[in-house]
Structure formats: C-alpha cells, structure tokens
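J.: Sequence plus predicted model, see below.
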Amino acid sequence: MLDYRKMTQNELVSCALLASQAFYGYEYFSIFVPDDKRRERFLDALIKCEFRANANSAETRFVTARENGRIVAVAQLCTPDFKRASDLDYIRSGYLSAMFRGGIMAVNAWVDMDRAASAPCHELAGNNWYLSLLTVAKSEEGHGIGSRFLNEYLIPYAKNAGGETLSLFTNSDINRRFYEKNGFNLFDERRFGYGGRSMGSWSYSMKL
C-alpha cells in the first residue's frame, strides 16, 4: 500500500536525488549534455536547484509516495496560477553550479527548449493543473507505482481542487505509452534539436 505525503524540507535533497537519478539516461537531457558523468553531475545540481527554488511556492505541490515508510516516487504538481520562480530565486538555489557542470551554452539551450516544450500546457485555457514532474525510484520501476500515484493521488487531488484539466509533456516514447494507458490525450507535438541531434516533444492533457 502506498502512502502519499507532502515532501518536507528535510526530505528535499533525497527526493531531488531520486528524481535526478531517474533522468540520468533521459534523452531530454542527454542530447544537451552527452557525456554520462558530466550529465549526472549536472542533473544532480539542476534538480536540486529546481526543488529548492519552488519548494516554498504556494503554486507548487511536491508530493511523495511511500511504501513501508520509504520514499519510492516524487511528483511536482503545479496549480493553474503557477509561475516560474524568479531568476534570483534560481541563482540563490544553485543554478550557477548546475550551469557550470552542464556547460553554459548547453544549459542555456536546454532552458530555452524546456520553456518552449512546456508552453502548450501553460497556454491551455481554464482551470488547468500542470504535472511538471513524476519520477519513480529506479529500483522500483515496473511495479505500477507511477500509475497508482497518478490515479490514487495526483488526479483526484487536482480534480478535488477544482481542476478542469491536468496536463504534462514528455519526450519519451515509453512515457507516451504510460500516460496514454492512464487516460491522457495528445494535443500538441513538436521537435527540438541541439548539436545535430533532435527529439520529439508531446503534450498531453486529461479532462478531470
């Protein structure tokens, strides 16, 4: 049985590490920082920065899924009023360290791509909640935890808060199948490239 709780400040670093480890081989980052070791260091710093910059935002919910008291998944769910943290908040949260580890040009290109990829979700009309992140611990993948997290907590939470839609984007075919299996519908498709490589980006939404 999974237990869902708000992430505490004391859990921020360990939750950020769980999330960054899930992204180590993810194409969304690998085309920008292809070296494995450098990308791991970059992601560890970047995800920790993201969590720190937004952890105290009234428009962001960081939620954990626990099994037998151990955190096995983390999600970042954003309200319809969500706004990105300020540049100063990101700098205070360690963004310069992430930029140094990933490389200035590569990280700037990744930020531009990330904003463009998420734009279709943020531009949806109505009371739209945005699932910015859903990661399952690498050791727990394939056990249905992600689907349970979605259907037992994240979707009901957004719906009970008055949400009309829940949206997200992904660039992974595996993730596309996962979200389609869980009732999400494709509404936008585009491609991004860097360094001679390209990837797809697909935006999904669900009526609540």
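T.: Cool, the structure landed. Residues are numbered from 1 along each chain as shown.

J.: tell me the centre residue of this protein?
T.: Nearest to the geometric centre of the chain sits Leu133, at 2.2 Å (C-alpha atoms, centre = their mean).

J.: Quick check: bridge partners of that one?
T.: Gln76 (DSSP bridges).

J.: measure it to Ser139 for me?
T.: Separation of Leu133 from Ser139 (C-beta to C-beta, to the nearest Å) stands at 18 Å. For glycine as for every other residue, the C-beta is placed from the backbone atoms N, C-alpha and C.

J.: try Tyr28
T.: Distance, Tyr28 to Ser139, by C-beta to C-beta: 21 Å.

J.: who has more neighbours, the two?
T.: Tyr28 (19 against 9; other C-beta atoms under 10 Å).

J.: Contact partners for that one?
T.: Tyr28 makes contact with Asn171, Ser172, Met199, according to C-beta atoms under 8 Å, 6 or more residues apart in numbering.

J.: Which of these ranks first by neighbour count?
T.: Within those, neighbour counts (other C-beta under 10 Å) peak at Asn171, which reaches 20 neighbours.

J.: contacting residues for that residue?
T.: Per C-beta under 8 Å, 6+ apart, neighbours of Asn171: Glu27, Tyr28, Ala117, Phe192, Met199, Gly200, Ser201, Trp202.

J.: Among these, the buried ones, what's the ChimeraX command?
T.: Restricted to buried positions by 16 or more other C-beta atoms under 10 Å, the ChimeraX selection for the contacts of Asn171 reads:
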select :28,117,192,199,201,202
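
J.: Keep only those of the contacts of Asn171 that are in strands.
T.: Among these, the members falling in strands (DSSP state E) are Phe192, Met199, Gly200, Ser201, Trp202.

J.: does the residue nearest to the centre of the chain really touch Ala75, like I thought?
T.: Yes. Taking contacts as C-beta atoms under 8 Å, Leu133 lies within contact range of Ala75: 6.2 Å.

J.: Fine, thanks again, bye for now.
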